[in-house]
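In: what follows is a predicted structure for the sequence shown.
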Amino acid sequence: MGDLARRCPHLRFVHLVAVQRTVQGHVDALRTRELRCCSCGYGLPDLWLCMAMGCQFVGCGRSSNQHMMRHSADCSYTGDHKLCMCLSSGEIWCYACNMEITDEVALAANVGQVWLNELQSVRQMILGARMDRWRDEEPTDVDLTGSRKDNNGKGLCGLTNQGNTCYMNAATQALSNCWPLTRFILKCEAFYDHWLAQSGRHRTLRGGLVHDYANVIRALWNGDRRAFSPQTLLQKMVHIHPPFRGYHQQDAQEYLRTLLDSLHEALKREVPQDDLPNGQESEGESNGGAGASRHHTSPIADIFGGKMRSDVACCCCNTLSSTTDEFFDISVSIPTKKERQRMHGDRPVGDKKEKSGGWFWSLIPFTGSGSQQMVTLEECLQSFCLPEILTGTEKYKCETCGGLTESHKKLSIVQLPEVLCIHIKRFRYDSYWGSKITTPIKFPLDDLNMDPFCKKLEGEWLGGVHYRLVAIVNHHGSFIGGHYTAMCQNHYDGAWYDFNDSAVSKISDLDKVRSAQAYLLFYERKSPAIIKERRHMKDLMRRKSARERPFLLSLLWYNRWKTMSHPGPMTWDFLCEHNQGILNLDKQGMVKTVPQCLWNELAKRYNGGQREGIRSLEECDRCREAMYQIDHRREQERLTIMREDSTQVAENEDWYIVDAHWIQRWREFAMQGGRDPGPISNNRLLRSDGRPLEGLVKARDYRGVNGRVWNTFVSFHGGGPPLIRRQIDIYTEPPR
């Protein structure tokens, strides 16, 4: 972050000794949850204390009625009412700088170590009161196997605000509580490290994003932190999607879609059609040729990927055109009164009048719009799937009629994902300012039935249609000034928690969840059959014999079985390409050891007798020989290049320009045991007409080698084209 983001000039107005005395006076009220906002009576967790000298104001935050923000604005004639402290987490926020005051920011303001020690003392009082509240509260639910557990703080770590990054914090917390993905990140590191190295994407921004996201997930679920700074993840996202740069308000759904798309692109791999979970068909076409067809998939596609079918029928010739697209989320609009009447057979719905356009819309960003009559999530989905007429500028080009014609279009879901993400369109852009639709949405917590919105196609696997809610991203405030929080159900204790940046608090009343200002909803597929199966397997393991020899399973497939309703057939992705053994013993992190009784039951259900069980890890002889040959070749190349390389050439010799990225890949291959860099390719340096691109920099983008080194590279790897220059400058003319 820049220097401006690391300094807050308002810290000089804060006297922590006075703040400490004020907090001490509120400890009992914090412990009993009796403390309330001075303006509206709102309670914990979203309560903040003004840190101005002598000010005793306690107000609700951005996820409530924003009375602390109003207090700061009302006292804008002085500079000492800009900072406030959260009475649930100890977080400090400056409304003038619009940023969280971390220890690093405080040190940059030269407050001194004594000031930080006093701050830590205040935070300890707040944290102690919070822990006393948690000790008095019992877990409210059970986990998926039916046994009550203690989460030991796992999944209850907050994320510090990096400057208007609540959109990122809320979406990341919601995503981290989608257990199929989080368990994959925590348990299957050996797999995604191998995929990234094999594809060469470990050097890319998206490859780095995978590890940065994994670091955040580990911090959230280790159970040993109060809050974590996702700064490196934010920096990667900024490079991948530059609009996230700076400290402006951003959209949580845009962040979520960018993150999932980037993770998918980094982790996608080619697999046989038979190895896809759920019997689904993923992106890409069959490669043709002998053997099973192969397709591209990723853990993101396995978990969040669904399919949407669009049917367009021409009104003139009735020709039907159908296309199928994959999705990671569904964006649904809030139906208007007329649309609801249409869905309910023109039966009147409510008495509220629809708001019309005009000058009144200019006020909407500050107040919000929409009827306060509740709309159900099912009505939003029904409106999404209603047929619509394409006319005017939206006319469809019919191939049969040979021109633009009116047509009917209908959307339907033909394949449901394991985790269904529903985005509710709460923002509209039909006025100068834009506006937010504040209509409350009623959504089911335990049983969302998607069957009415699906279409079963012959030969296609639809999947289970019943879902339970696991996470919500809420948007509070208006179009031009809002705040994101998340509500999530913890995997271990089944309780719901509120995530407000670095503040995390337990939700004791589920009505608060039901009345949430939902913007993103995350539903996980229900499957009583697989839960019953896991319980049965757990009972088998209790009765296992000590004399049973264990079997080996793919840890990736075992993770699917533990978290997904339909894990698909067993896979053997820890074996080498010859299916005779493992490539090397480093792949031990890809296997799961299970007793024979569990293997027998799982093989009966998911193996189909296609393969005998594997009991031990052995290296493949063919792979060992291939590795020996590669190591020998590495040594030969390394010694030859070291002998022939030079920093100067004779007067009658030329320089050969080589892409610096290819040189780096060769170094990783020859010096670090990496993958073969492949043929030399200088195409990245050239335009389509063969001339060099503008702005190339020597050493950063290209390097020069002598003719002997060039010939060695070409003899081992091939490629080109050769770019010959009298000096190491790609913009000079080639010799004649």
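Out: Perfect, thanks for sending it.
In: just give me the neighbour total for residue 556.
Out: Residues lying near residue 556 (other CB atoms under 10 Å) number 22. Placement of C-beta: from N, CA and C, glycine included.
In: got the contact list for it?
Out: Residue 556 makes contact with 184, 188, 191, 571, 573, 590 under the criterion CB atoms under 8 Å, 6 or more residues apart in numbering.
In: just confirm it is within a helix.
Out: Yes: under DSSP: H, G, I helix; E, B strand; the rest coil, residue 556 sits within a helix.
In: where does the stretch 51-200 of the chain dip in pLDDT?
Out: Along the stretch 51-200 of the chain, the model assigns pLDDT under 70 to residues 63-64, 76-79, 130-152.
In: residues in contact with residue 418?
Out: If you count contacts by CB under 8 Å, 6+ apart, then residue 418 has 180, 278, 302, 303, 304, 463, 524, 525, 564, 565, 566 around it.
In: what about it, distance to residue 173?
Out: For residue 418, the distance to residue 173 (CB to CB, to the nearest Å) stands at 19 Å.
In: and residue 31, by the same measure?
Out: Computed as CB to CB, the residue 31 to residue 173 distance reads 26 Å.
In: and if you look at residue 223?
Out: From residue 223 over to residue 173 (counting by CB to CB), the distance is 15 Å.
In: could you do residue 681 as well?
Out: Distance, residue 681 to residue 173, using CB to CB: 42 Å.
In: tell me where the stretch 301-450 of the chain has helices.
Out: Listed in chain order, the helices of the stretch 301-450 of the chain (DSSP state H, counting those that start in this stretch) span 337-343, 364-367, 377-385.
In: just say which of these is most tucked in.
Out: Ranked by mean neighbour count, the helices of the stretch 301-450 of the chain are led by helix 377-385 with a mean of 19 (mean count of other CB atoms under 10 Å).
In: and it, what does it pack against?
Out: Applying 3 or more CB pairs under 8 Å, 6 or more residues apart in numbering; DSSP states H and E, one finds that helix 377-385 contacts strand 330-333, helix 337-343, strand 407-415, strand 419-425, strand 441-442.
In: let's see 10 Å
Out: With contacts taken as 3 or more CB pairs under 10 Å, 6 or more residues apart in numbering; DSSP states H and E, helix 377-385 sits against strand 330-333, helix 337-343, strand 407-415, strand 419-425, strand 441-442, strand 448-449, strand 518-525.
In: and the longest one, average pLDDT?
Out: Yep, that's strand 407-415 we're talking about. Averaged across strand 407-415, the pLDDT comes to 88.
In: neighbour count for residue 223 and residue 173, which is higher?
Out: residue 173 (28 against 13).
In: wasn't that one part of a helix?
Out: Yes: counting by three-state DSSP, residue 173 is found in a helix.
In: helix or strand with the lowest mean pLDDT in this structure?
Out: Of all helical and strand segments in the chain, the minimum by mean pLDDT, DSSP states H and E falls on helix 364-367, at a mean of 44.
In: in the stretch 151-300 of the chain, which spans are strands?
Out: For the stretch 151-300 of the chain, the strands defined by DSSP state E, counting those that start in this stretch cover 158-159, 227-228, 269-272, 294-297.
In: mean pLDDT lowest for which of those?
Out: Among these, strand 294-297 carries the lowest mean pLDDT, at a mean of 73.
In: which strands or helices does that strand pack on?
Out: Judged by 3+ CB pairs under 10 Å, 6+ apart, the packing partners of strand 294-297 are helix 252-267, strand 269-272.
In: dump the last one to CSV, keeping only the CA atoms.
Out: So that's strand 269-272. What follows is strand 269-272, C-alpha atoms only, in CSV (Å, rounded to 0.1, in the frame of the first residue of the first chain):
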residue,chain,number,x,y,z
ARG,A,269,-6.6,-29.7,-15.9
GLU,A,270,-7.4,-32.3,-18.6
VAL,A,271,-9.1,-35.5,-17.3
PRO,A,272,-10.9,-38.4,-18.8
